[in-house]
Each structure stands twice: as C-alpha cells, then as structure tokens.
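S.K.: my questions concern the predicted model and sequence given below.
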Amino acid sequence: MAGPHQGVTVRHARLGDAPALGAFLQRAWRQGGQGALGFTGANDDAIREISSPEFLASRIASPRARMVLAHESGEVVGFASVRMEGKGRAELSGIVVLQGATGKGVGTRLLRKAEAYALGAGVRELVVKTETFNARAVGFYEKNGFSRARRATQTVGRTKIPLVVLEKRLRSLQPSKG
C-alpha cells in the first residue's frame, strides 16, 4: 500500500536548483501569502529579492546556511532553510510548502532533514520565529517539539510584526531496539 510520502523526495539544495527554487518561492507566495509557513514578515518586494537566482545561489553556496528541497514529480513542492547563528545554535529560517502538498507530511520531512543537518553541524539548539497570529505555524512547530521561548518584534518597512520565538533542543537520534 502506498504511503503519504510516495513520490516525494527530500534532499539538500544544489547550485543548479536556484531557478526552480525561485519559481517555487514565487508560486508559494501567490498561493499562501503571509499566512503560509515560512513567510514571516514577507511582502512582494522581499519575495522578489529572495527568489532571484543570484540571491538563492549565494545562499545555497554559503557555508553558514543549508537549504533543503522537497520534490514531487520533478517539481519543487517544499523548502526549508537553516542558518547557523553561533556555536551550538541555528535558526530554522523558513519552511514553505505549496498548498497542494500540505497535510502530506512534507513540512515534517523538511524539518527532520534540516534538524539532521543542524545536529550533524554541532547545533544543539534550533530556533524559529513566526507571527504570533499564525496559529497554523505555531501549532506545527509545537507539534514537532518546539517550545515558546519569548515574543519579539520584526520591522518590515513601516510595519511592526509581532513574533513568537520557539526553541528546540536537538538530541542525537538513538538507534531503535528491536
């Protein structure tokens, strides 16, 4: 019997992925807008900037960041990004999943791949920020082991966006017995 993940592959982004990733970000923004997971504080100008192949290629090549992609039928349907902040700490700077791929475990698989990368890089604390009013995102992160740590504010243009900062302690995966 086919599982919910059949046909979806999750892997680290490569330089050649920049154009497809940019197109994905534009499409995800059109579909979900600010309420979508991963678009904290975004607006049309910011999306144009972060979806440019040049910007994405520089992020993919950065030793301080790692991007993860989910593909289905040759199309990017999800994305996650981890940015190193300092010794033992990193920020999950975004998870975005196309609306048509939500509810299939894609976001969870992206998160697990990002966590595995962070853990392998020596990260013990992973932080994520999202809008306080984005109950869907907050619920997703809490369901996946993050705890609310504090509130913060991010200014985008002239708009102050209230954020909740969530944190998760990463632990090595123990081999299952049996």
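M.R.: Good, I have the coordinates.
S.K.: quickly find the element holding the spatially most central residue of the chain.
M.R.: Geometric centre of the chain, nearest residue: I95, 2.2 Å, by Cα atoms, centre = their mean. Here I95 sits within strand 89-97, counting by DSSP states H and E.
S.K.: okay, buried residues for that strand please.
M.R.: Within strand 89-97, the residues scored as buried using 16 or more other Cβ atoms under 10 Å are 90-97. Just so you know, the C-beta spots here come from the backbone N, C-alpha and C atoms, and that holds for glycine as well.
S.K.: would you say R171 is within a helix?
M.R.: No: with DSSP: H, G, I helix; E, B strand; the rest coil as the criterion, R171 is coil rather than part of a helix.
S.K.: just the CA trace of the host helix or strand of Q154, in CSV.
M.R.: According to DSSP H and E, Q154 maps onto strand 147-156. C-alpha atoms of strand 147-156 as CSV (Å, rounded to 0.1, in the frame of the first residue of the first chain):
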residue,chain,number,x,y,z
SER,A,147,8.5,25.3,22.9
ARG,A,148,7.6,29.0,23.0
ALA,A,149,10.6,30.9,24.4
ARG,A,150,9.6,34.6,24.1
ARG,A,151,8.0,37.2,22.0
ALA,A,152,9.8,39.6,19.6
THR,A,153,9.0,42.2,17.0
GLN,A,154,10.3,42.4,13.5
THR,A,155,10.0,45.6,11.4
VAL,A,156,9.4,45.2,7.7
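S.K.: which strands and helices sit next to the helix or strand bottoming out on mean pLDDT in the chain?
M.R.: Between all helices and strands in the chain, the lowest mean by mean pLDDT, DSSP states H and E belongs to helix 44-50, at a mean of 77. When contacts are defined as 3 or more Cβ pairs under 8 Å, 6 or more residues apart in numbering; DSSP states H and E, helix 44-50 packs onto helix 18-32.
S.K.: can you show me the CA trace of the helix it packs on as PDB?
M.R.: Extracted as PDB, the C-alpha positions of helix 18-32 are listed here (Å, rounded to 0.1, in the frame of the first residue of the first chain):
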ATOM      1  CA  ALA A  18      18.300  28.100  -7.800                       C
ATOM      2  CA  PRO A  19      16.000  28.800 -10.700                       C
ATOM      3  CA  ALA A  20      13.500  26.100  -9.800                       C
ATOM      4  CA  LEU A  21      13.600  27.200  -6.100                       C
ATOM      5  CA  GLY A  22      13.000  30.800  -7.100                       C
ATOM      6  CA  ALA A  23      10.000  29.800  -9.200                       C
ATOM      7  CA  PHE A  24       8.700  27.700  -6.300                       C
ATOM      8  CA  LEU A  25       9.000  30.600  -3.800                       C
ATOM      9  CA  GLN A  26       7.100  32.900  -6.200                       C
ATOM     10  CA  ARG A  27       4.300  30.300  -6.600                       C
ATOM     11  CA  ALA A  28       4.100  29.500  -2.900                       C
ATOM     12  CA  TRP A  29       3.800  33.300  -2.200                       C
ATOM     13  CA  ARG A  30       1.000  33.600  -4.700                       C
ATOM     14  CA  GLN A  31      -0.800  30.700  -3.200                       C
ATOM     15  CA  GLY A  32      -0.300  31.300   0.500                       C
END
